[in-house]
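J.: Sharing a sequence plus its predicted fold:
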Amino acid sequence: MASLTDQTVASTYDLLMKVEDTGIDTTLRKIEDGTAAVSAIRLSTGKVLIKQGDDSDATFEVTGASTLTGLVTATAGVAGALDGIVGGTTPAAITGTLITANTNFAGNLTGDVTGNADTADKLAINHSASDTAYHVCFTDNTVDGVPNPIYRTASDEITCNPSTGTLAATALTGTLTGDVTGDVTGDVKAGDAALIITSGADLANSSIGDGVTATTQAAGDDSTKVATTAYADSPGRVLQIVYEPALDNFSTDETTMTDITGLAASITPSSENSTILVQAMITFGTYATNYCGFGLKRGTTQIGSSVLATGDQQSCITGSRTGDNDELTSVFIQYRDSPETTSATTYQATVSNRSGSNMDFVLNRPYNVLQNADYIFYGISTITLTEIAG
């Protein structure tokens, strides 16, 4: 209020404030000076309004320590620093189209927060050990060291369970380095590098591309293994081959099927559905009047022999003889077996002679090698086991 000392009412009338002629009631009334110039203040019995002119938006400024109670509504937003406590023991609502804080928010922020965080430089992420599959967030680029923007998957294509450490995805592409443990389903494809599958991996529903080598070895076993080309999903494919040569001499005059020492091989089928193709080349000599029958054993069981022999006749897969004591000859045995096991299985070549004196079978050389002649030949015998996918 201007000083009225030594002034007359008439001379100071324009310095006085008055309500428009209707007086104060429930309707907001203009506050005027003595010359009827309208101020920015509006009064009623229940409200105070500060308005810049008749047509502009209402404005209100509070400086110093002030207390606002009840609902604060900002139709155009609240701009500038919000320092101190907003709310109280019973927080009041702040509504409007925009709230800008020039430093930060401290304390709990509850309820929905909508809009875009275009320039945020911090994102606080709490640790969780919950046994729950959460969505994975990711960003497509970085601006000034800040990920911008951040997305999440729309459904369950990529999830992470922090309790079990399980990352689930519908597909993985690109280079995968390091150890992969557990069951593998779907297609497993590799380039030029060998594919190592640790024991316990499930390849029943997987495919290994042509030309990729694979071997099975125990987890933690860093020793060198012989890798063979494997095709886990195609019947008729060759899964592994075992080859054993017999280089030494062996002889027998037994008249029942007898193991040919050195002519055996062992294989561990990868599936109970696999078949084993057994191939044996037997190089031998005999006494001129001897006849030999040849067969195979799986473990201790004779396999593949004819079932037609009667009386003194002998059952075998094939038979032969040499025409002379100095002669070397060979027979070839081939038999496809179904062991129906994934345990190590041994196949053994066998031989039987006719009865009588000097009826000997000799492996890898003629019966008579006493002569130093260029027609005396020594040879080798072999056995080969091939696992074929069923």
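T.: Structure received. Residues are numbered from 1 along each chain as shown.

J.: Walking through this structure, point out its helices one by one.
T.: 9-12 (DSSP state H).

J.: what domains does the record give for it?
T.: Domain ranges of the chain: 134-169, 177-233, 242-388, per automatic domain parsing.

J.: averaging pLDDT over each of these, which comes out lowest?
T.: Within these, confidence is poorest for domain 177-233, with a mean of 53 (mean pLDDT).

J.: Let me see the ranges of the strands in the stretch 201-350 of the chain.
T.: 213-217, 228-229, 238-246, 251-252, 258-267, 275-286, 292-298, 301-303, 318-320, 329-337, 345-353 (DSSP state E, counting those that start in this stretch).

J.: Dump the ones you listed to CSV, plus mean neighbour count.
T.: C-betas here are computed from N, CA, C, even on glycine. Below are these laid out as CSV (neighbours: other CB atoms under 10 Å):
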stretch, mean neighbour count
strand 213-217, 17
strand 228-229, 15
strand 238-246, 17
strand 251-252, 16
strand 258-267, 18
strand 275-286, 22
strand 292-298, 23
strand 301-303, 12
strand 318-320, 15
strand 329-337, 15
strand 345-353, 22
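
J.: want to throw these into JSON lines with distance to residue 170?
T.: Shown next, in JSON lines, are those (distance: least, CB to CB, whole Å):
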{"stretch": "strand 213-217", "distance to residue 170": "24"}
{"stretch": "strand 228-229", "distance to residue 170": "29"}
{"stretch": "strand 238-246", "distance to residue 170": "30"}
{"stretch": "strand 251-252", "distance to residue 170": "63"}
{"stretch": "strand 258-267", "distance to residue 170": "38"}
{"stretch": "strand 275-286", "distance to residue 170": "36"}
{"stretch": "strand 292-298", "distance to residue 170": "45"}
{"stretch": "strand 301-303", "distance to residue 170": "47"}
{"stretch": "strand 318-320", "distance to residue 170": "56"}
{"stretch": "strand 329-337", "distance to residue 170": "41"}
{"stretch": "strand 345-353", "distance to residue 170": "40"}
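
J.: for those strands, which one sits closest to residue 30?
T.: Smallest distance to residue 30 across the strands of the stretch 201-350 of the chain (CB to CB): 91.0 Å, for strand 213-217.

J.: do you know how far residue 306 is from residue 315?
T.: Residue 306 sits 5 Å away from residue 315, going by CB to CB, to the nearest Å.

J.: got it, and residue 159?
T.: For residue 159 relative to residue 315 (CB to CB), the value is 63 Å.

J.: Of all the strands of the stretch 201-350 of the chain, which one is nearest residue 26?
T.: strand 213-217 (89.1 Å).

J.: shouldn't residue 258 be in contact with residue 251?
T.: No: Residue 258 sits out of contact with residue 251 when judged by CB atoms under 8 Å, with a separation of 10.6 Å.

J.: Just the pLDDT at the nearest residue to residue 273 once chain neighbours are set aside, thanks.
T.: The spatial neighbour of residue 273 that comes closest, neighbours along the chain excluded (CB to CB, 6 or more residues apart in numbering), is residue 390 at 3.3 Å. Per-residue confidence (pLDDT) for residue 390: 89.

J.: Residue 372: how many residues sit nearby?
T.: 6 (other CB atoms under 10 Å).

J.: sorry, that was for residue 29
T.: By other CB under 10 Å, 18 other residues sit near residue 29.

J.: Quick check: it touching residue 18?
T.: No: in this structure, residue 29 is not within contact of residue 18 by CB under 8 Å, at 10.1 Å.

J.: residues in contact with residue 377?
T.: Contacts here follow CB atoms under 8 Å, 6 or more residues apart in numbering; on that basis residue 377 touches 328, 365, 366.

J.: Likewise for residue 386?
T.: Contacts of residue 386 by CB under 8 Å, 6+ apart are 238, 240, 241, 242, 276, 277, 279.

J.: How much space separates the residue nearest to it when sequence neighbours are not counted from residue 334?
T.: Closest residue in space to residue 386, ignoring its immediate chain neighbours: residue 277 at 4.2 Å, by CB to CB, 6+ apart. Distance, residue 277 to residue 334, using CB to CB: 7 Å.

J.: Show me what stretch 334-342 is in contact with.
T.: With CB under 8 Å, 6+ apart, stretch 334-342 has contacts from 268-272, 275-280, 296, 298, 303-304, 317, 345, 347, 388, 390.

J.: Just the terminal-to-terminal distance for that stretch.
T.: Taking CA to CA, to the nearest Å, the first and last residues of stretch 334-342 lie 22 Å apart.

J.: if we can go back for a sec, neighbour count for residue 306 and residue 315, which is higher?
T.: Taking other CB under 10 Å, residue 306 and residue 315 do not tie; residue 315 has more neighbours (16 against 13).

J.: just checking, the more buried one touches residue 307?
T.: Yes: the criterion here is CB under 8 Å, and residue 315 meets it with residue 307 at 6.8 Å.
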